[in-house]
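Chemist: Need a 3D model of the following:
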Amino acid sequence: MSTANEVPETWELSGDDAWKTLANTGRVRLARDAFSRFRAADGTSHVRSMAFVSSVLFIQGLVTVLGLASALGGGGVSRLIVDTLRTAAPGPAGRLLTQAVTQAHQAGSSHRFTALLLGLAGVLFSGTVLMGQVERGLNRIYGIEQDRSTPSKYGRALVLSISAGLLITGAFVALAVGRSIASSLGSHTAVTVWNLFRWPAGVLLALGGTAMIFRWSPRRRQPAWSWLAFGAFVAVALWALSTAGLSIFFQVSSSFGQTYGPLAGILALALWSFLTSLALFYGGAVAAQLEAVRAGTPSPREGASVRGREGAHV
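Modeler: Residues are numbered from 1 along each chain as shown. Now for the predicted structure:
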C-alpha cells in the first residue's frame, strides 16, 4: 500500500509554470523529496517486478526478431548484433545475449517459423504485462491506489508497449549499437552523417518514449509535456550513467565472472534491468513531485511535513 500523498491534477498549467516551479524549488530539494515519494510508494517492489519482466522481454524479443530475420534471409543482421552486443550490454550480460542471438540464428536458419511467431506473440504479451506493471508503479507514486479496469489497463498497456516501446528500442539501437552500424554502412559520408546524428536522435527517442509512458500510463489527467520533460530527462540520464558504470565495473573486475561462472550473464542482465527500472520509476517520482509542489502540496508522503509549505505555491 502506498503512503505517498496524492498529487492534485494540474493539467491546465503551461510549460512556463513548470520551469519556474523547478527554479524556485531547487533541484537538490526536488531530488530529495522525489526519493521520499518513491520510498512512500514502495517503489523498490515495483522496480523488482518491472526488472524481472523486462529481463525476460529483452531476451525473448532479441531471439524472436533476429530469428525471424535469419529465417527471411537476413543472417547478416545476426552477425552484426553478435559483434555489437558485447558493448551494448555490460560485461557478462553481453555474452549471455550473444549466446541468445546464436540460438536465434540457428532457429531461423532451420525455418522454425511456428516457434518464432509464437515468440513474437510472447513479446507482445510480455510487453503488455510490463506496461501494466509500470502503470501500477506510477499510480502509487502519484498517490493513486486504484488502477484502471483490467480491459482498459491492459489495452492501454498494449498500445504503449508498441508505441513507446518502439521509440525506446530505436534509442537503444542508436546509442548502444550505433558504432557498429556505422562501420557496416560502407560510405564515408553515410558513416559521418550517422555518427553526427545518432546521439541526439537516440537521446530524443529515449526522452520521447519515457515521456509517453509518464503521460499516458498513470490513471489521471497529466499536465503538459513540459511538466514531464525534467522527470524523463532524469530517468534517461540515470539509465545512461548506470549502464556506463556497470560496463566499466565488468571491464575492470575479473572476480565477478570467476565467482559466478555461467550464471554471471544472468546476474549481470538482472542487475542492469533493475537499475534501468529504478531509473524509470525515480524519474516518474521527480515528475510527480514537481507537479505536487506547484499544486501546493509539496509533502511527498502522508503524515510528513515540509518546511515552508505555505510558500510552496508559486
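Chemist: does residue 292 count as helix, strand or coil?
Modeler: helix (DSSP: H, G, I helix; E, B strand; the rest coil).
Chemist: Make 10 the first number, not 1, from now on.
Modeler: Got it, the first residue is 10 from now on, which makes the last one we talked about residue 301.
Chemist: wait, what's in contact with it?
Modeler: Residues in contact with residue 301 (Cβ atoms under 8 Å, 6 or more residues apart in numbering) are 14, 16, 17, 46, 307, 308, 309. Any C-beta I mention is one placed from the backbone N, CA and C, and that applies to glycine too.
Chemist: Residue 207 contacts residue 181, doesn't it?
Modeler: No. Counting by Cβ atoms under 8 Å, residue 207 does not reach residue 181; the two are 11.5 Å apart.
Chemist: Wasn't residue 156 part of a helix?
Modeler: No. For residue 156, which was evaluated using three-state DSSP, the result is coil, with no helix membership.
Chemist: I figured it was touching residue 149, is that so?
Modeler: No. Counting by Cβ under 8 Å, residue 156 does not reach residue 149; the two are 9.4 Å apart.
Chemist: Which secondary structure elements does the helix or strand residue 178 falls within sit against?
Modeler: Using DSSP states H and E, residue 178 sits in helix 159-185. Secondary-structure packing of helix 159-185 (3 or more Cβ pairs under 8 Å, 6 or more residues apart in numbering; DSSP states H and E): helix 84-97, helix 122-150, helix 197-225.
Chemist: Between the ones you listed, which one is closest to residue 51.
Modeler: Closest to residue 51 of those, according to Cβ to Cβ: helix 122-150, at 6.6 Å.
Chemist: Could you pull up the mean pLDDT of that closest one?
Modeler: Throughout helix 122-150, pLDDT has a mean value of 87.
Chemist: Can you check what angle separates that helix from helix 197-225?
Modeler: Here the directions of helix 122-150 and helix 197-225 differ by 50 degrees (axes from the mean of the first three to the mean of the last three Cα atoms, to 10 degrees).
Chemist: other SSEs contacting helix 122-150?
Modeler: helix 52-80, helix 100-118, helix 159-185, helix 197-225, helix 273-303.
Chemist: one more time with 6 Å
Modeler: helix 52-80, helix 159-185, helix 273-303 (3 or more Cβ pairs under 6 Å, 6 or more residues apart in numbering; DSSP states H and E).
Chemist: Need those helices in TSV (columns: mean pLDDT and distance to residue 242).
Modeler: Output for these, formatted as TSV (pLDDT from 0 to 100; distance: least, Cβ to Cβ, whole Å):
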stretch	mean pLDDT	distance to residue 242
helix 52-80	81	19
helix 159-185	89	13
helix 273-303	90	8
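Chemist: Specify the stretch among these that is closest to residue 34.
Modeler: Of the helices and strands packed on helix 122-150, nearest to residue 34 by Cβ to Cβ is helix 273-303, at 5.1 Å.
Chemist: Could you give the separation of that closest one from the chain centroid?
Modeler: 7 Å (Cα atoms, centre = their mean, to the nearest Å).
Chemist: Then stretch 41-48?
Modeler: 19 Å.
Chemist: Any buried residues in that stretch, and which?
Modeler: Residues of stretch 41-48 classed as buried by neighbour count (16 or more other Cβ atoms under 10 Å): 42, 43, 44, 45, 46, 47.
Chemist: wait, which of those is closest to residue 139?
Modeler: Once Cβ to Cβ is applied, the member of these that ends up nearest residue 139 is residue 47, at 18.9 Å.
Chemist: could you measure the closest one against residue 135, distance?
Modeler: Note on residue 47: its distance to residue 135, by Cβ to Cβ, to the nearest Å, is 25 Å.
Chemist: tell me the mean pLDDT over stretch 250-269?
Modeler: 76.
Chemist: how about it: buried residues?
Modeler: 251, 252, 255, 256, 259, 266.
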